[in-house]
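1. make a model of this:
(one chain, ligands or ions: 2)
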Amino acid sequence: MQNPHDLSTMLADLAVESLIEEVSLTPKPGLVDMIDQGSHNDLTYSLMVDSAKSLHTTFYNMAMVAYNEGPSQFLREKIGEIGREGERRMFQVTKGVNTHKGAIWSLGLLTAAAAIHKGQFDEIALCYTAGEIAQYEDRFIPHQVTNGIKAIQKYGVHGAKAEAQQAFPHIRKFSLPVFKATLNTFDENTAKLYAFLALMANLDDTCLLHRGGLEGLQYAKQFARRILNTGDFHELRRMNEQFKERNLSPGGSADLLAATIYLYKISQLTFSTEEVYVTIN
Ligand SMILES: CC(C)(COP(=O)(O)OP(=O)(O)OC[C@H]1O[C@@H](n2cnc3c(N)ncnc32)[C@H](O[C@H]2O[C@H](COP(=O)(O)OP(=O)(O)OP(=O)(O)O)[C@@H](O)[C@H]2O)[C@@H]1O)[C@@H](O)C(=O)NCCC(=O)NCCS
Ligand SMILES: Nc1ncnc2[nH]cnc12
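-> Numbering: from 1, shown residues only. Ligands and ions are numbered 1, 2, ... in the order given. Purely as a prediction, here's the structure:
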């Protein structure tokens, strides 16, 4: 069995890679990608990449602390503490802009789950273990009225916290199966685009709600559904223009796309008796 340091390093590497692959996927309506900043005047592609890289230690520390644990109050609160330190580092790098708060939460829980599971990397099992950890309440969370909480209270939807506590239903039911099915026929880039649209078509993204209300959320869901049905990816560019005009950003779908990519990468890890290595397909 691999040692905790090696496994934690590998998981942190994959988490950061997944965040960079998410921001690099182009075109992504309303979001930062390699062509433009979407609806984010305060963000750039290179800032998103720097932010992702700054989180390596956060994911590493989460994996290390989870390695000899199971889901517990202790683990939930340790991850919370490490996550808040990660948020502080992220805000230093971005000079106060929220780039990856939702990602620290979702990928952080999945990282801890993967460290607990060690060699057994079934994606669905990882989602359930991450969900179990998330169900413990962290008593040390500072009281904050976030954009997410405002949207949850105003519109009666589930947000990032419930998504994790329910073991990531939008990943299990939508993005992951769509990603894998598409990979059977198309390249990885196309699979990521389909997975992203599958998330946007179904997720109650509090980032969209905060910026565009129910109308904005419905608009985004319907647009995504239409492209999924027609398969016409040229429409993504028009969608980007429309999102920018309406100041819409599907930040929650972006985070869950990164989490989907991450889960897939973890599932491709295999072990020899001595070491961890990545299977080349
Ligand atoms: C449980 C927490 C995730 C906190 O959740 P909460 O809902 O209270 O907080 P938010 O600050 O709103 O962050 C949640 C972010 O999660 C993403 N998200 C949205 N909907 C969903 C969903 N249905 N499922 C999964 N994930 C979702 C989304 O992240 C992306 O959007 C971010 C940009 O959002 P925002 O700051 O609102 O930015 P703007 O629209 O630009 O706002 P303005 O400039 O106009 O103000 C971007 O970062 C993407 O990542 C949501 O934003 C957890 O963080 C927590 O417990 N926090 C407490 C502190 C703590 O202990 N942290 C460590 C936890 S390990
Ligand atoms: N690509 C992206 N653009 C803007 N906000 C994001 N949050 C997470 N990924 C993002």
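
2. which SS state does the closest residue in space to Met48 that isn't next to it in sequence fall under?
-> Using CB to CB, 6 or more residues apart in numbering and skipping residues adjacent in sequence, the residue nearest Met48 is Val23, 4.3 Å away. (Each C-beta comes from the backbone N, C-alpha and C, glycine too.) At Val23 the chain is in helix, as set by DSSP: H, G, I helix; E, B strand; the rest coil.

3. count of residues packed around the residue in the chain that ligand 1 sits nearest to?
-> Relative to ligand 1, the nearest point of the chain is Gly148 (2.0 Å; CB to the nearest ligand atom). Here the count is done by other CB atoms under 10 Å, and Gly148 has 21 residues near it.

4. quick one: the helices in this protein?
-> Using DSSP state H, the helices of the chain run over residues 4-24, 45-54, 56-66, 73-94, 101-117, 123-135, 147-155, 160-165, 169-170, 176-183, 188-202, 206-230, 235-246, 251-267.

5. could those helices go into TSV alongside mean pLDDT?
-> Formatted as TSV, these follow (pLDDT from 0 to 100):
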stretch	mean pLDDT
helix 4-24	97
helix 45-54	98
helix 56-66	98
helix 73-94	98
helix 101-117	98
helix 123-135	98
helix 147-155	97
helix 160-165	98
helix 169-170	98
helix 176-183	98
helix 188-202	98
helix 206-230	98
helix 235-246	97
helix 251-267	98
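
6. so which of those gets nearest ligand 2?
-> Distance to ligand 2, taken as CB to the nearest ligand atom, is lowest for helix 251-267 among the helices of the chain, at 3.4 Å.

7. with just CA atoms, put that closest one into CSV.
-> The C-alpha trace of helix 251-267 is given here as CSV (Å, rounded to 0.1, in the frame of the first residue of the first chain):
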residue,chain,number,x,y,z
GLY,A,251,-19.9,29.1,-11.2
GLY,A,252,-21.4,26.1,-9.4
SER,A,253,-21.5,24.0,-12.6
ALA,A,254,-17.8,24.9,-13.2
ASP,A,255,-16.9,23.6,-9.8
LEU,A,256,-18.8,20.4,-10.2
LEU,A,257,-17.3,19.9,-13.7
ALA,A,258,-13.8,20.1,-12.0
ALA,A,259,-15.0,17.6,-9.4
THR,A,260,-16.2,15.3,-12.2
ILE,A,261,-12.9,15.5,-14.0
TYR,A,262,-11.1,14.9,-10.7
LEU,A,263,-13.2,11.8,-9.9
TYR,A,264,-12.6,10.4,-13.3
LYS,A,265,-8.8,11.0,-12.9
ILE,A,266,-8.8,9.3,-9.5
SER,A,267,-10.7,6.3,-10.9
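
8. so that helix versus helix 123-135, what angle?
-> Orientation check (axes from the mean of the first three to the mean of the last three CA atoms, to 10 degrees): helix 251-267 against helix 123-135 gives 130 degrees.

9. quick one: helix 251-267 to chain centroid distance?
-> 5 Å (CA atoms, centre = their mean, to the nearest Å).

10. excluding its backbone neighbours, what's nearest Leu47?
-> In space, and not counting its chain neighbours, Leu47 is closest to Thr94: 5.8 Å by CB to CB, 6+ apart.

11. likewise Leu209?
-> Nearest to Leu209 is Ala151, by CB to CB, 6+ apart, at 4.0 Å.

12. alright, I will stop here.
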